[in-house]
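Trainee: Sequence unavailable; structure follows:
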C-alpha cells in the first residue's frame, strides 16, 4: 500500500506540471492560435532562472517563484513582439516550425554552457522534511508543489472565466477583429497572454527545480507528454487542461504501480483512444 | 455623380455640421477590390441609410470606416480627424461604435459580460438602468449564455452594448435582418428614440420600408460606389428608381 500511495503522489506531482504547462498552452493556443513548441524550453528557462537568481544573486526560492515567471514572461513577450506576431493568419505549420526552432536554439545554448547533466537546486529550508500521514510519509516539498500548483491553476481559471479581463480574453479568442473595433488594444492583449502562458511554464520550472534538478533538456523530455495531455484534454478548454493534467499524472502513477512497463506509454495509448473516439479531445470545442 | 453627393442637401437645416465625411474610399479584401471610391457625408444628429443589393459594399463601407479592413485608401474624416491610417481600437476611442452584421454576440460570454464588454470610451453613454428601460428583456437574461438568446434579443444586446460606451456615432449593420415584424418595430422605435437623444446613426439596410420609418437621408450603393442619394421627403418621388436599383 505504501508504494501505491507513493506512486500516487509522484503522479500528482507530475500532474501538477502537466496542468501548469498544458494550461499555458491552452491559453496561448486560444489567443494566438499557435501551438507553442517552445513551451518546454521556457519551462527549463524558469528553472535556470531560479538557479541563477540563487547562485548569482543570492535570491532565494520564494523570490524566484515570483521573479522567474516575470523575467521569463518578459522574454516570452519579446519573442512574441519580434517573431511570433508575424505568424498571424499563416498556417499552423509555420507556428510549429518557428516555436520548435526557438526551442532547439534555446536548449542548444543552455546545453553548450551547462552540458546535459543536472545542476542541483536545494529545497528551501521551510519546506524540508516530511510528515507522517499514518498511511504514508509525505515529503513536505512535494505536498507543497501539488497544493501550490492547484491554487495557481484555479486562480488562472478564475482570471479567465470570471473576471472582466478574462471576458476580453475569451471574446478576443472568438472574434479579435470585433473586440478591437470596440476599442480594446488586442495586439497588446495577445502579447500579455503569451507572457502569461510563458510565466506559468516558468513557474512550473521553478517548482520542479528542487525535485528534478536543473537541466537544459528537462523541458524537452516533459513537453512531449504535455502535448499528449493537451490533445487528450482538448486544446481550447481551461478547466479541461487543468483536470486532464492532474488526472493523467495520477493515471501514470497508478500504471507505475500496477503495470510499470506501460507507465511511459499509457498517456499516448490514452491519446490514441481519445483521438479515435472524440477527435476534439475530452473537453474540446469543435474548431 | 459622387461630387453631387458631398454637396449639402437642400433639405438640411443650415445649422447641421458634418460629422463623417467619406471621400474616394476604396478598400480590398486580399486581392478583391470591394469599394471603388465611396463618397458620402453624415451630419450631426442624422439617421443616414445606405441602401443596396447584397454584395454592393455596404458592410464593407462600415468596416472600412471602423478600420477593420486591412487595405483601404481615400479619406474618412470624423469630426475633422482623419481615420484612414488609424487602427480600429483607436477609431473606437474617438466615439464611433459598430453593431456588426449578424450581431457579433460572443458565445463564451454571458449576457452581462457581452453587455459590459465594450469599454466606455467617453462620458455620456447610457447607464445600465436606461439600457434596461429600453430593452427590458435583457435584464431577465443576464446570466444566460450570449448566443442562447433569441435572434431579436441578440440584436437588442448588440445595440445595447454600444450605447453604454459614450460613442455618439453609431453604425448599425442590418439590425432587422431575419427578425419578426414586431421586433423590427421595436428596433425602429429604439432608433427613433436614440435619434431624439442626439445620437448620429449610419444604418445599412436592405429593407427600405423599415428604413423609411427612421431615416433622414439615403444613399444607394452599387458595385462599391454611391450611385444616388435623396432625402426621406423625396422617397416616394424616387420609388421607381429605387425599385430599379434594388431589383425589388
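Mentor: Thanks, I have it. Just so it is clear, the model here is predicted, and its values are computed rather than measured. Numbers count the residues shown, from 1 in each chain, chains lettered A, B, ... in the order given.
Trainee: Helices of chain B, residue ranges please.
Mentor: For chain B, the helices defined by DSSP state H cover B:2-6, B:58-65, B:88-93, B:111-116, B:128-134, B:136-140, B:151-163, B:181-196, B:208-211, B:239-246.
Trainee: Kindly compare burial across those helices and name the winner.
Mentor: helix B:58-65 (a mean of 25; mean count of other Cβ atoms under 10 Å in any protein chain shown). Placement of C-beta: from N, CA and C, glycine included.
Trainee: residues in the stretch 151-287 of chain A within reach of chain B, list them.
Mentor: Contact residues, the stretch 151-287 of chain A versus chain B (Cβ under 8 Å from any Cβ of the partner chain): A:164, A:167-168, A:170-171, A:173-175, A:177-186.
Trainee: So, low pLDDT: which residues of chain B?
Mentor: When residues are selected by pLDDT under 70, those of chain B lie in B:1-16, B:248.
Trainee: Report the spatially closest residue to the residue of chain B found nearest chain A, excluding sequence-adjacent ones.
Mentor: The nearest approach of chain B to chain A comes at residue B:92, 3.4 Å away (Cβ to the nearest Cβ). Computed as Cβ to Cβ, 6 or more residues apart in numbering or on different chains, the closest residue to residue B:92 that is not its neighbour in sequence is residue A:183, at 3.4 Å.
Trainee: wait, doesn't the one you found sit right on residue B:165?
Mentor: Yes - Residue A:183 lies in contact with residue B:165 (Cβ atoms under 8 Å); the separation is 7.3 Å.
Trainee: Could you tell me which residues touch both of those two?
Mentor: Jointly contacting residue A:183 and residue B:165 under the rule Cβ atoms under 8 Å, 6 or more residues apart in numbering or on different chains are B:92, B:118, B:119, B:121.
Trainee: For residue B:183, list the residues it contacts.
Mentor: Counting by Cβ under 8 Å, 6+ apart, residue B:183 touches B:151, B:152, B:155, B:176.
Trainee: how about the nearest residue to the second one, chain neighbours excluded?
Mentor: In other words, residue B:152. Nearest residue to residue B:152, sequence neighbours excluded (Cβ to Cβ, 6+ apart): residue B:183, at 3.8 Å.
Trainee: Which positions are bridged to the residue most central in space within chain B in the beta structure?
Mentor: Centroid-nearest residue in chain B, with Cα atoms, centre = their mean: residue B:171, separated by 2.3 Å. Per DSSP bridges, the residues bridged to residue B:171 are residue B:98, residue B:202.
Trainee: Could you pull out the strands in chain A for me?
Mentor: Assigned by DSSP state E, the strands in chain A fall at A:130-132, A:137-139.
Trainee: Tell me which of the ones you listed lies nearest to chain B.
Mentor: Ranking the strands of chain A by distance to chain B, with Cβ to the nearest Cβ as the measure, places strand A:137-139 first at 38.8 Å.
Trainee: Adjacent strands (with direction) for that closest one?
Mentor: Applying DSSP bridges, one finds strand A:137-139 paired with strand A:130-132 (antiparallel).
Trainee: which residues make contact with the partner strand from outside it?
Mentor: With Cβ under 8 Å, 6+ apart as the contact definition, strand A:130-132 has outside contacts at A:137, A:138, A:139, A:140, A:143.
Trainee: Of the strands of chain A, flag the one that's most buried.
Mentor: strand A:137-139 (a mean of 16).
Trainee: Figure out how far that one is from the centre of its chain.
Mentor: Chain-centre distance of strand A:137-139: 24 Å, with Cα atoms, centre = their mean, to the nearest Å.
Trainee: same check, this time on stretch A:32-45
Mentor: Mean-position distance between stretch A:32-45 and its chain equals 9 Å (Cα atoms, centre = their mean).
Trainee: Same check on stretch A:277-286?
Mentor: 20 Å.
Trainee: what does stretch A:67-83 give?
Mentor: Distance of stretch A:67-83 from its chain centroid, counting by Cα atoms, centre = their mean, is 15 Å.
Trainee: what about that stretch, average pLDDT?
Mentor: Averaged over stretch A:67-83, pLDDT sits at 98.
Trainee: same thing with stretch A:131-148?
Mentor: Mean pLDDT, computed over stretch A:131-148, is 91.
Trainee: separation between the residue nearest to residue A:245 when sequence neighbours are not counted and residue A:152?
Mentor: Nearest non-adjacent residue to residue A:245, counting by Cβ to Cβ, 6+ apart: residue A:19, 2.9 Å away. For residue A:19, the distance to residue A:152 (Cβ to Cβ, to the nearest Å) stands at 9 Å.
Trainee: Between these two, which has more neighbouring residues?
Mentor: Set side by side, residue A:19 and residue A:152 give different neighbour counts by other Cβ atoms under 10 Å in any protein chain shown, the larger being at residue A:19 (31 against 21).
Trainee: Now do the contacts for residue 169.
Mentor: If you meant another chain, say so; for now it's chain A. Here residue A:169 is in contact with A:27, A:30, A:31, A:160, A:189, A:193 (criterion: Cβ under 8 Å, 6+ apart).
Trainee: um, chain B though
Mentor: Residues in contact with residue B:169 (Cβ under 8 Å, 6+ apart) are B:19, B:20, B:42, B:78, B:95, B:96, B:97, B:199, B:200, B:201, B:202.
Trainee: looking at it, residue A:246 is touching residue A:17, isn't it?
Mentor: No - if you go by Cβ under 8 Å, residue A:246 and residue A:17 don't touch, sitting 10.2 Å apart.
Trainee: higher neighbour count, the two?
Mentor: Of the pair residue A:246 and residue A:17, residue A:17 is the one with more neighbours under other Cβ under 10 Å, namely 25 against 22.
Trainee: Look up how far residue A:218 lies from the nearest residue in space to the more buried one that is not next to it in sequence.
Mentor: Nearest residue to residue A:17, sequence neighbours excluded (Cβ to Cβ, 6+ apart): residue A:204, at 5.0 Å. Noted for residue A:204: a distance of 10 Å to residue A:218, by Cβ to Cβ.
Trainee: again, but for residue A:147
Mentor: Residue A:147 is 22 Å from residue A:218, where distance means Cβ to Cβ.
Trainee: higher neighbour count, the two?
Mentor: Remark: of residue A:147 and residue A:218, residue A:218 carries more neighbours, 24 against 12, as counted by other Cβ under 10 Å.
Trainee: residue contacts, that one?
Mentor: Neighbours of residue A:218 in contact, by Cβ under 8 Å, 6+ apart: A:40, A:43, A:44, A:47, A:118, A:205, A:208, A:212.
Trainee: quick one: contacts for the third one?
Mentor: The neighbours of residue A:44, taking Cβ under 8 Å, 6+ apart as the test, are A:106, A:107, A:110, A:205, A:214, A:215, A:216, A:217, A:218, A:219, A:220.
Trainee: Chain neighbours aside, what residue packs nearest to the residue in chain B sticking out farthest from the centre?
Mentor: In chain B, the residue that sits farthest from the middle, by Cα atoms, centre = their mean, is residue B:143; the gap is 27.9 Å. Once flanking residues are discounted, residue B:143 sits nearest to residue B:110: 5.7 Å by Cβ to Cβ, 6+ apart.
Trainee: Repeat that for residue B:24.
Mentor: The nearest residue in space to residue B:24 (Cβ to Cβ, 6+ apart) is residue B:74, at 3.9 Å.
Trainee: Just to check, that neighbour is in contact with residue B:36?
Mentor: No - taking contacts as Cβ under 8 Å, residue B:74 lies outside contact range of residue B:36: 10.1 Å.
Trainee: Give me the common contacts of those two.
Mentor: Common neighbours of residue B:74 and residue B:36 (Cβ under 8 Å, 6+ apart) are residue B:26.
Trainee: how close does residue A:235 sit to residue B:34?
Mentor: Distance of residue A:235 to residue B:34, computed by Cβ to Cβ: 33 Å.
Trainee: residue boundaries of the helices in the stretch 101-250 of chain A?
Mentor: With helices called from DSSP state H, counting those that start in this stretch, the stretch 101-250 of chain A shows them at A:140-162, A:164-174, A:176-181, A:186-212, A:218-233, A:238-258.
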